[in-house]
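Colleague: sequence below, structure please.
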Amino acid sequence: MVLLATALLWRSLRKSEGSKTNRAAKPENLQKLIGTFLAILLYVPAFPRLGFILATVPLMIFLFKYIGEMGWKISLAGGILISLSLYFIFKVWLKVQFPIGLWGI
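Modeller: Model (predicted):
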């Protein structure tokens with residue numbers, strides 16, 4: 001996965017053939033890339049400490065609001081809905097064991 005992500009990043013940062021501008025190198029796109037990277041770096045240590053729901057909901061809200069540039073209502077609803085849906089799929093249906101977190105959630 002890391003190799004694939006690195007290859008895709010490298011490819012997106014290079015100029016496309018026939019294109020004079022590099023869309024990925026625009027300052028706003030680089031800020032989103034760095035913001036996403038930092039959010040995931042924060043998510044990794046938060047996941048075992050806070051548990052799935054309490055760590056994933058803020059991450060999803062951030063991704064909807066900051067990266068997707070959606071409104072607060074959609075970001076909050078989408079973050080909660082996706083997190084609860086993933087929790088149901090992995091914890092309830094597939095019975096994947098998640099870290100307990102602060103409140104045992």
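
Colleague: quick one: stretch 83-94 to chain centroid distance?
Modeller: For stretch 83-94, the gap between its own C-alpha mean and the chain's C-alpha mean amounts to 17 Å (C-alpha atoms, centre = their mean, to the nearest Å).

Colleague: what average pLDDT does that stretch get?
Modeller: The pLDDT scores in stretch 83-94 average 92.

Colleague: same deal with stretch 48-62?
Modeller: Taken as a whole, stretch 48-62 has a mean pLDDT of 92.

Colleague: contacts for it?
Modeller: Applying C-beta atoms under 8 Å, 6 or more residues apart in numbering, the set of residues contacting stretch 48-62 from outside is 35, 39-40, 43, 46-47, 75-76, 78-80, 82-84, 86-87, 90-91, 98-105. Heads up, the C-betas are built off the backbone N, CA and C, glycines and all.

Colleague: and for stretch 83-96?
Modeller: Under the criterion C-beta under 8 Å, 6+ apart, external residues in contact with stretch 83-96 comprise 52-53, 56-57, 60, 98.

Colleague: pull out the buried residues from that stretch.
Modeller: The neighbour-count criterion (16 or more other C-beta atoms under 10 Å) identifies 83, 87 as the buried residues of stretch 83-96.

Colleague: and what of stretch 69-76?
Modeller: Of all the residues in stretch 69-76, those buried under the rule 16+ other C-beta under 10 Å are 70, 75-76.

Colleague: swap in stretch 31-48?
Modeller: Of the residues in stretch 31-48, those scored as buried under the neighbour-count criterion (16+ other C-beta under 10 Å) are 32-33, 39, 43, 46-47.

Colleague: which of these sits closest to Phe64?
Modeller: Closest to Phe64 out of these is Ala39 (11.6 Å), distances taken as C-beta to C-beta.

Colleague: got a list of what that closest one touches?
Modeller: Applying C-beta under 8 Å, 6+ apart, one finds that Ala39 lies in contact with 59, 62-63, 66.

Colleague: understood, closing this out.
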